[in-house]
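1. Predicted model and sequence below, questions to follow.
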Amino acid sequence: MGRDVMPPLDVLFIWHTFMLSLQKYLEECLRFGRMDFWATGFPWDTITACFNEDTTYNPGTSAQEVFEERTGYAWDNLNGSPVKVLLCPKDNTQIFIPWTTCDSINTTIEARDLNDIDIDTRPLGTGYAEKEFHTTCPTCSTRITHEYLQVQKFRKDAEGLVLNNYPLPGTILSPDGLPISDSPKKLAGCPRLFPNRVSVQAAVKASAVVVDIIIRKHTLNFDLDL
Ligand SMILES: [Zn+2]
């Protein structure tokens with residue numbers, strides 16, 4: 001990687017942290033067919049060359065322009081948007097959620113030092129990056145929480161399996177962190193791949209039911225609200 005395509009320092013931190021979870025990193029590269037990324041490794045030499053004598057990280061204006069153009073995010077995350085834009089999983093309504101609500105909470109207790117408050121009784125924020133996150137879609141009134149988003153993540157993974165053949169996370173590596181097999185014969189009935197087979201079969205059955213309902217609606221003129 002040349003210094004012109006180097007990301008900001010916080011992105012490098014996250015990338016390196018992800019690489020330290022070797023199983024997860026290998027699995028993601030395998031699932032999405034990005035073994036070239038796996039083989040590239042971390043660009044230590046380029047990173048070292050981007051540090052000035054005063055230990056500030058600066059790969060140059062070209063890298064900043066490339067990053068902001070490709071991602072739509074500010075190079076310095078302190079200049080980024082204070083809100084996260086989330087699409088309602090039900091109707092795609094744009095919901096603007098603050099990353100943190102602790103600022104407003106702190107304002108209400110400004111006379112007290114947060115450090116003096118016991119951590120168990122300290123007020124918790126409900127922003128997107130906080131433990132007690134929750135919001136409500138203004139259009140369909142769906143309550144959205146971390147748990148709700150976890151279910152949507154599973155739904156997205158299942159869609160990726162059915163539509164693009166991406167295996168479900170957690171199903172292609174053995175407990176030792178190695179690919180379960182490179183033999184198509186062994187893969188066919190491999191117990192670890194069971195969630196993938198179930199999801200595909202469920203999707204096929206669901207599709208058949210929907211097609212059947214559509215056919216019946218048109219041939220028998222059913223008044224069904226699909
Ligand atoms: Zn909604």
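-> It's in. Residues are numbered from 1 along each chain as shown.

2. right, and the helix or strand after the helix or strand of the chain with the lowest mean pLDDT?
-> Ranking every helix and strand in the chain by mean pLDDT, DSSP states H and E puts helix 102-108 at the bottom, with a mean of 63. Following helix 102-108 in sequence order, the next helix or strand is strand 134-136 (DSSP states H and E).

3. how close does the nearest residue to Ala129 once chain neighbours are set aside get to Pro82?
-> Closest residue to Ala129 apart from its sequence neighbours, by C-beta to C-beta, 6 or more residues apart in numbering: Trp99 at 4.8 Å. (Glycine included, C-beta is placed from N, CA and C.) Going from Trp99 to Pro82 by C-beta to C-beta, to the nearest Å gives 6 Å.

4. Tell me which of the two has more neighbours.
-> Trp99 (16 against 10; other C-beta atoms under 10 Å).

5. what ranges do the helices span in this structure?
-> For the chain, helices defined by DSSP state H occupy the ranges 9-20, 22-31, 35-40, 44-49, 61-71, 102-108, 146-164, 184-188, 194-220.

6. wait, which of the ones you listed is closest to Thr139?
-> helix 146-164 (15.5 Å; C-beta to C-beta).

7. Bridge partners for Tyr57, pull those for me.
-> With DSSP bridges applied, Tyr57 shows beta-bridge pairing to Phe51.

8. and it, how far is that from the ion?
-> Distance check for Tyr57 against the ion: by C-beta to the ion, to the nearest Å, it reads 41 Å.

9. In contact with that residue, which residues?
-> Contacts for Tyr57 (C-beta atoms under 8 Å, 6 or more residues apart in numbering) come out as 9, 47, 50-51.

10. from the helices of the chain, which stretch is densest packed?
-> helix 22-31 (a mean of 16; mean count of other C-beta atoms under 10 Å).
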